[in-house]
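# got a structure for you, letters missing:
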C-alpha cells in the first residue's frame, strides 16, 4: 500500500519533526512524507521532506488547513491511503502495518488508532483513556482510503466552535456518510506529545518548556456534546455545510 | 457588514503578465476581494510581493489546476470567507463581477451564483459572448461563486476520476445539482475568457494564434454521459464515493 503521511508544521523544534519523520521508516509500506508549512517554511525541512507545501499566509488553525492541503494533494496524486501525523507526534513501530491490516481485514474505508500520551520531553505517560478510535479519534490516528477522501475537506469545514478538534467532525462525517471505519488494536500506536502546561506541570521542568501551551488537552467528547446540543434546524444547516446532506 | 470574498487562481507556467492582469482585475473589483494564488509546480517569487495570499505546491498535479483550485478554496473556507470565486490565470474579471454575483445571491438566497463569460482572443482582444455557458445548465469555473452551504463541493475538484479530471468543473456542477444546492445566474458576461483551444480557432475565421494554444477537445455532455455509463457499475459507485456523491 502506497501511503501519504501529512504533517503540518509552524514553529515546532526540528528535533520533533525529525523524530516524526524517522518513525515512518520500517513501517512496512511505501510511505511519502508530505510536510506542509503553515506560514513559516523551513528550508531544512524542505530538504528532507518527500514533498513540501508552503502556505505563505498562516492560518493559525492548529494545522487544519495544512492537513487539508497535504491530504487533498495526496488524494489527487492517487495514493492508496492518506494519514496525518502532527509535528509533535510520532508513530510507534508497526503503526501503519496495523492500520493497513485492519483496513484489509474489515474491508473498511478508514482506520483509526489509539494513542499513548507523552510528556513534552517525550517520556511516555500512558494510554489515553479519552480516545477509543470508535467515538473519538486523534488527528494523528486516522487513515483514509479513497472512498473516505471526501472527509479531508472536514479539516477546513468543521464548524468554527469545534474546529479546534476537527478530527472528531471528520470521524462524524465518515459515520454520517456510511463509510466503514475500523479500529486498529488492541495496542495504542500513536505517540502523542502533549504540550498542555497543566498536563506537564507535575513532572517538573524540561528543556522543551518554551513550547508548552496554556490550553488544556482537548476533550474529544466535547465535540459530540456540541453537536448534540444544536437544535434541529441548526444541525441541519451545519450538516448541509459540511456535506453530510 | 461587508462580505469577505476570496478569489482563487491556480497557475502553472502561464506568462507572468497574464497572471498580473488577472490579479489586477481582482484588485479593481467594485466589491473588495482577497486573491489567493496557488503555484502548482512552477511558483513565481514575484507574487509574494503582490499583497495576495500565496500557496506553493512542490510539483504540478497535471490536472488543469483543479487540485490547487480545491486547496486554495478550502483554505479560504477555513479562513471564514463568506464567498469563494475562481479565476484562471489566463483570464480576468470585469470590474463588477463580484458585486453582481453577491447582489444576486442576496436577492435570491442562493448557494451558488454564476455569471456568463465573454470570449477574448489569446492576444486579449474582445471577440464575442460565449454561446455555450448559460450559467444554469452549463458552467465555467471562472463564472462560479460558492457560498458556505456549497463549500462541501470544493473538494470535488480534486477528487474527480483521473480520466476526466480535465472537465472537473462539469462534475462539480453535477454534484451541486444532485445535492440540491440553489443555483442562479446573473446573465451578465463579467468574466473575460481568453480562448486557448485549438479547435475554437479551427472553426473560426480568425487566424490561428502562434503561441499559448491548447490542443484539447472538451467533450459534449452527451459524450461524458456515454463514458460514465460505459463504466462497470461497481466502478461508478467507487468514483461516486471518492467524490463524496454517494
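The structure has been received and is ready for your questions. Note that the structure is a prediction, hence the values are computed from the model and not measured.
# which bits of chain B sit near chain A?
B:36, B:48, B:53-59, B:61, B:63, B:66-67, B:70-71, B:74-75, B:77-80, B:148-149, B:151-155, B:158-159, B:162, B:179, B:238, B:241-244 (Cβ under 8 Å from any Cβ of the partner chain). For every residue, glycine as well, the C-beta is placed using N, CA and C.
# Now list the buried members of those residues.
B:36, B:53-58, B:61, B:63, B:66-67, B:70-71, B:74-75, B:77-79, B:148-149, B:151-155, B:158-159, B:179, B:238, B:241-244 (16 or more other Cβ atoms under 10 Å in any protein chain shown).
# what about residue B:70, which helix or strand?
Here residue B:70, judged by DSSP states H and E, is contained in helix B:66-78.
# quick one: that helix to chain centroid distance?
Here the centre of helix B:66-78 is set off from its chain's centre by 11 Å, with Cα atoms, centre = their mean, to the nearest Å.
# And the strands in chain B?
Taking DSSP state E, the strands of chain B run over residues B:5-11, B:34-40, B:53-57, B:83-86, B:92-93, B:112-120, B:126-129, B:144-146, B:183-194.
# cool, and chain A?
With DSSP E as the criterion, chain A has strands at A:2-9, A:30-38, A:51-55, A:81-84, A:90-91, A:110-112, A:115-118, A:124-127, A:142-144, A:181-183, A:190-193.
# and those strands, which is most packed in?
strand A:110-112 (a mean of 28; mean count of other Cβ atoms under 10 Å in any protein chain shown).
# That one near chain B anywhere?
No - on the criterion Cβ under 8 Å from any Cβ, strand A:110-112 is out of touch with chain B, staying 11.8 Å away.
# Surely residue A:221 touches residue A:130?
Yes - using Cβ atoms under 8 Å, residue A:221 is in contact with residue A:130, at 6.9 Å.
# Distance of the spatially most central residue of chain A relative to chain B?
With distances taken as Cα atoms, centre = their mean, the residue of chain A nearest its centroid is residue A:139 (2.1 Å). Distance of residue A:139 to chain B, computed by Cβ to the nearest Cβ, to the nearest Å: 15 Å.
# What of residue A:45?
With distances taken as Cβ to the nearest Cβ, residue A:45 is found 12 Å from chain B.
# Run a quick neighbour tally on that residue.
Applying other Cβ atoms under 10 Å in any protein chain shown, we find 21 residues neighbouring residue A:45.
# so where do the helices sit in chain B?
B:16-27, B:66-78, B:97-108, B:156-159, B:168-178, B:198-202, B:221-229, B:233-243 (DSSP state H).
# Please apply the same query to chain A.
Going by DSSP H, chain A shows helices at A:14-22, A:43-48, A:64-76, A:95-106, A:154-157, A:166-176, A:197-201, A:221-228, A:232-242.
# now the ones you listed as a markdown table including mean pLDDT and distance to residue B:170?
Shown next, in a markdown table, are the helices of chain A (pLDDT from 0 to 100; distance: least, Cβ to Cβ, whole Å):
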| stretch | mean pLDDT | distance to residue B:170 |
| --- | --- | --- |
| helix A:14-22 | 97 | 40 |
| helix A:43-48 | 97 | 36 |
| helix A:64-76 | 98 | 17 |
| helix A:95-106 | 95 | 32 |
| helix A:154-157 | 97 | 23 |
| helix A:166-176 | 94 | 25 |
| helix A:197-201 | 94 | 50 |
| helix A:221-228 | 92 | 34 |
| helix A:232-242 | 93 | 23 |
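# Dump these to CSV, plus distance to residue B:185.
Output for the helices of chain A, formatted as CSV (distance: least, Cβ to Cβ, whole Å):
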stretch, distance to residue B:185
helix A:14-22, 48
helix A:43-48, 44
helix A:64-76, 28
helix A:95-106, 44
helix A:154-157, 25
helix A:166-176, 31
helix A:197-201, 54
helix A:221-228, 35
helix A:232-242, 21
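# Nearest residue to the residue positioned nearest the centre of chain B in space, please, no chain neighbours.
Centroid-nearest residue in chain B: residue B:141, 2.6 Å away (criterion: Cα atoms, centre = their mean). Excluding the flanking residues, the one nearest residue B:141 by Cβ to Cβ, 6 or more residues apart in numbering or on different chains is residue B:169, at 4.3 Å.
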